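In: turn this into a structure:
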Amino acid sequence: MLDVTRREMKYDIGLIETASMKRRLGIYMEPDPHNGVTGYMVRSLYFDTPYDSDFEQKVDGYDERQKIRLRVYEADAQTAKLELKEKSDAFQRKRSLTLDREETMRMISGDYQFLLARPEGLAQWLYAFLCTRCYRPKCVVEYDRFAYILDHNDTRITFDQNLRASEAEFDIFAESPALYPVSPPGAVTMEVKYTGFLLSCLKNELNHCDKTRCSNSKYCRARMISKRGRV
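Out: Numbers count the residues shown, from 1 in each chain. Here you go, the predicted model:
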């Protein structure tokens, strides 16, 4: 089971700034080995209550809230991550379990019974939480990511673009899911994540970037069709 707590900051930037920041950060940080030439896909299935409580809490700016999702990085993955993300002020705690394909498909169908048979305490907690609040799959979110990593303070800086989604198809293993575009062409979200403090050299490089601080929830943005511009 993974359990990490760190700070997260998000910024809206453009393609020119993205290219500049990649050159600057590459001096101090290593490219994520999964990047390849153009980056890698991230696909998540978000769960929410019948009244979309997690969505509404994010939109209303609650300081303490949570998100529950399944995540894969390729359509033919044999496992998926079941993740619980909890925000408290500036800190984000993420705990996750690795599920096999059968467990993942049961989650997608709304069957959480298998969690009771798992040994992790998080699995037992998630079963009770999901069932008592009637969580169900709500939206698939997919985007392309290019990431840089630094072991010191568990620092990670990512560039996400081509955000797309579906509120109708929930199979995260689908080869070619029907997704609608969410972000405009050229829009990039830069996320800065670290534990403890951010190194001064990285702060200096980030100060050279023309960026806008944002509270950019990909899940909320992806729900724009059913919410009719609520976000």
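
In: who are the packing partners of whichever strand in the chain runs longest?
Out: As assigned by DSSP state E, the longest strand anywhere in the chain is strand 136-150. Using 3 or more CB pairs under 8 Å, 6 or more residues apart in numbering; DSSP states H and E as the contact test, the elements touching strand 136-150 are helix 15-25, strand 30-31, strand 40-48, strand 155-166, helix 218-222. In short, each C-beta sits where N, CA and C put it, glycine included.

In: reformat those as JSON lines; add mean neighbour count, mean pLDDT and distance to L198.
Out: Listed next are these as JSON lines, based on neighbours: other CB atoms under 10 Å; pLDDT from 0 to 100; distance: least, CB to CB, whole Å:
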{"stretch": "helix 15-25", "mean neighbour count": "16", "mean pLDDT": "94", "distance to L198": "12"}
{"stretch": "strand 30-31", "mean neighbour count": "14", "mean pLDDT": "95", "distance to L198": "16"}
{"stretch": "strand 40-48", "mean neighbour count": "21", "mean pLDDT": "97", "distance to L198": "23"}
{"stretch": "strand 155-166", "mean neighbour count": "21", "mean pLDDT": "96", "distance to L198": "7"}
{"stretch": "helix 218-222", "mean neighbour count": "21", "mean pLDDT": "93", "distance to L198": "22"}
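
In: looking at these, which is closest to E205?
Out: With CB to CB as the criterion, E205 lies closest to helix 15-25 of those, at 4.4 Å.

In: what packs against that closest one?
Out: strand 136-150, strand 155-166, strand 188-194, helix 200-207.

In: out of the ones you listed, which comes closest to P33?
Out: The nearest among the helices and strands packed on helix 15-25, by CB to CB, is strand 136-150 at 8.7 Å.

In: tilt between the closest one and helix 200-207?
Out: On the basis of axes from the mean of the first three to the mean of the last three CA atoms, to 10 degrees, strand 136-150 is oriented at 120 degrees to helix 200-207.

In: wait, E167 sits on Y219?
Out: No - the criterion here is CB atoms under 8 Å, and E167 misses it with Y219 at 10.9 Å.

In: got any residues that touch both of these two?
Out: Common contacts of E167 and Y219, defined by CB atoms under 8 Å, 6 or more residues apart in numbering, comprise C139.

In: wait, what's in contact with the residue of the chain positioned farthest from its centre?
Out: Taking CA atoms, centre = their mean, the residue of the chain most remote from its mean C-alpha position is A117, at 26.7 Å. Shown in contact with A117 (CB under 8 Å, 6+ apart): no residues.

In: look up how far E102 lies from it.
Out: A117 sits 12 Å away from E102, going by CB to CB, to the nearest Å.

In: now S53
Out: For S53, the distance to E102 - CB to CB - is 28 Å.

In: neighbour count for these two, which is higher?
Out: S53 (15 against 9; other CB atoms under 10 Å).
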